[in-house]
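In: coords please:
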Amino acid sequence: MSDYMIRATAAHGQIRAFAAVTRDLVEYARAAHNTSPVATAALGRLLTAGTMMGPMMKGEKDLLTLRIQGDGPIQGITVTADAAGNVKGYVGNPQVMLPPNAAGKLDVAGAVGIGVLSVIRDVGLKDPYVGQTILVSGEIAEDLTYYYATSEQTPSCVALGVLMNKNNTVRQAGGFILQLMPGASEEIISGLEKRIGELRPVTTMLDEGMEPEDILREILGGIGDGEEGSNLEISEPMPVRFFCNCSKQRVSRALASIAPADLQEMIDDGKPVEVNCHFCGKSYEFETDELRQLLQIRKKKETP
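Out: You can find the predicted model right below:
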């Protein structure tokens, strides 16, 4: 198995955790959008978060959207994920280039800027649930940690990372989310905080050959164990992938919804129209005759 995520519980249910390795899907996104290294890192971090937060939803048709809107040159990031491990996303400016930050790392915070993080859960109700917080750092993991603490009142630790090769392909990508459940004891909280403070960056652990299971064992192993031994329980791995459900039929429905005058203008131009999917970059071409058919469909819908 290449990319996958796992769930775990520890300390007799006082801690729940998620961890994922996402190198292949982040590399797919990089190639599909031709992103610069800093754009790849920013998008890859949010895609990785989506692979873990999507499966937190219960319904098969539930949809999660993570949206970062900042004043930085990347011009925003959007990711959607479902409960089955499918994720997709894009950035506003995939070619953004910035010098390294003070630590010599890719300046994701500088690319994102100051703004807002939105977490939107569509669970089939009339209106989706929308949680929104400010961006506290622009580093994405810290912003999600802050979101969980303020919007969902769930003390959490989110770690996300993307490591690039010298040829600008993705070398490693992954992350984890740790959450304290209601009623967690002070002993468990302090023990977890100590472990987190001693951790190496997640990409360092992945580059050392550690798998998501190894990372969670290093963080959570032994916490809350009693005489009966370890109570860390890790689920079976769930495959995760970059998957876009766009199609020419879906795009044609979107075209048919625009103003008839705009459709007529495209027809009068006499040239094929190319429409690109924001999420995966795939192009769909519509000939003039196809546009005429869409215009007829639109007019029929508007006829009383």
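In: need the contact list for L295.
Out: For L295, the contact set (Cβ atoms under 8 Å, 6 or more residues apart in numbering) comprises 260, 263-264, 267. All C-beta spots, glycine's among them, are computed from the backbone N, C-alpha and C.
In: confidence score at it?
Out: For L295, the model assigns a pLDDT of 84.
In: could you check the one helix or strand it maps to and say which residues are buried?
Out: Assigned by DSSP states H and E, L295 falls within helix 288-302. Residues of helix 288-302 classed as buried: 290-291, 294-295, 297-298 (neighbour count, 16 or more other Cβ atoms under 10 Å).
In: of the contacts of L295, which is the nearest to Y284?
Out: Set against Y284, the nearest of the contacts of L295 by Cβ to Cβ is L263 (15.4 Å).
In: and the buried ones among the contacts of L295, selectable in PyMOL?
Out: In PyMOL, this line selects whichever of the contacts of L295 come out buried by 16+ other Cβ under 10 Å:
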select buried, resi 263+267
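In: ends of stretch 203-220, what's the gap?
Out: The straight-line separation of the ends of stretch 203-220 (Cα to Cα, to the nearest Å) is 18 Å.
In: do the same with stretch 153-170
Out: Note: stretch 153-170 ends 34 Å apart using Cα to Cα.
In: residues near the nearest residue to V162 once chain neighbours are set aside, how many?
Out: Excluding its sequence neighbours, the residue lying closest to V162 (Cβ to Cβ, 6 or more residues apart in numbering) is G44, at 3.8 Å. Using other Cβ atoms under 10 Å, G44 is surrounded by 31 other residues.
In: does G44 sit in a helix, a strand or a coil?
Out: Secondary structure, DSSP: H, G, I helix; E, B strand; the rest coil: G44 is helix.
In: tell me the contacts of A159?
Out: Applying Cβ under 8 Å, 6+ apart, the residues near A159 are 141, 175-177, 199, 201-202.
In: next one: G115
Out: 68-72, 76, 134-135, 138.
In: tell me where the stretch 201-304 of the chain has strands.
Out: Along the stretch 201-304 of the chain, counting by DSSP state E, counting those that start in this stretch, strands occupy 233-234, 238-239, 241-242, 273-276, 283-286.
In: so, low pLDDT: which residues of this protein?
Out: 1, 224-230, 301-304 (pLDDT under 70).
In: okay but L63 is in contact with T80, surely?
Out: Yes. L63 is in contact with T80 according to Cβ atoms under 8 Å; the separation is 6.2 Å.
In: and the strands of the stretch 201-304 of the chain, which is most packed in?
Out: Comparing the strands of the stretch 201-304 of the chain by mean neighbour count (mean count of other Cβ atoms under 10 Å), strand 241-242 ranks first with a mean of 20.
In: and L63 and T80? Which one has more around it.
Out: Using other Cβ under 10 Å as the criterion, L63 and T80 rank with T80 on top: 22 against 18.
In: residues contacting the more buried one?
Out: Counting by Cβ under 8 Å, 6+ apart, T80 touches 50, 63-66, 87-89, 279.
In: and if you look at P128?
Out: 120-122.
In: circling back: TSV for the strands of the stretch 201-304 of the chain, including distance to I215?
Out: Listed next are these as TSV, based on distance: least, Cβ to Cβ, whole Å:
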stretch	distance to I215
strand 233-234	11
strand 238-239	16
strand 241-242	20
strand 273-276	37
strand 283-286	39
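In: quick one, which of the ones you listed gets closest to V116.
Out: When the strands of the stretch 201-304 of the chain are ranked by proximity to V116 (Cβ to Cβ), strand 241-242 comes first, at 24.8 Å.
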